[in-house]
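Peer 1: the sequence and its predicted three-dimensional model are supplied below.
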Amino acid sequence: MSNTKKEAPEKTEKKTQDSRFESEKSGKKFEKAFKGATGGNPYPTDFAKGDDCPKDLLDAAISVGAVKK
């Protein structure tokens, strides 16, 4: 046996990302609270006033007045 020191495998830091931001942002902000499923997630997420609106929810949010055109 040799005294060769084995290096531990490199740990990769897994960054957890809020599911609300998995889809692209539209550049628009919610004007009021809104609930919608985004990024392929089947479960809706609660968005607060001032949150960025994902592109895939933009049309729905505009139609209910949660985002201004």
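Peer 2: Thanks, I have it. Residues are numbered from 1 along each chain as shown.
Peer 1: partners of Asp52 in the sheet?
Peer 2: With DSSP bridges as the criterion, Asp52 is bridged to Lys29.
Peer 1: that one and Gly36: what is the separation?
Peer 2: For Asp52, the distance to Gly36 (CB to CB, to the nearest Å) stands at 13 Å. Just so you know, the C-beta spots here come from the backbone N, C-alpha and C atoms, and that holds for glycine as well.
Peer 1: of the two, who's got more company?
Peer 2: Using other CB atoms under 10 Å as the criterion, Asp52 and Gly36 rank with Gly36 on top: 18 against 15.
Peer 1: for the protein, which segments count as helices?
Peer 2: Along the chain, counting by DSSP state H, helices occupy 58-63.
Peer 1: what packs against the helix or strand of it with the lowest mean pLDDT?
Peer 2: Within the chain, no helix or strand scores below strand 25-29, which has a mean of 90 by mean pLDDT, DSSP states H and E. The contact analysis (3 or more CB pairs under 8 Å, 6 or more residues apart in numbering; DSSP states H and E) places strand 25-29 against strand 52-54, helix 58-63.
Peer 1: does Leu57 touch Gly36 like I think?
Peer 2: Yes: in this structure, Leu57 is within contact of Gly36 by CB atoms under 8 Å, at 4.5 Å.
Peer 1: mind listing what Lys35 touches?
Peer 2: Pro44, Thr45, Asp46, Phe47 (CB atoms under 8 Å, 6 or more residues apart in numbering).
Peer 1: swap the cut-off to 7 Å and go again
Peer 2: By CB atoms under 7 Å, 6 or more residues apart in numbering, the contact set of Lys35 is Pro44, Asp46.
Peer 1: which one of the helices and strands packed on strand 25-29 lies closest to Lys25?
Peer 2: strand 52-54 (4.5 Å; CB to CB).
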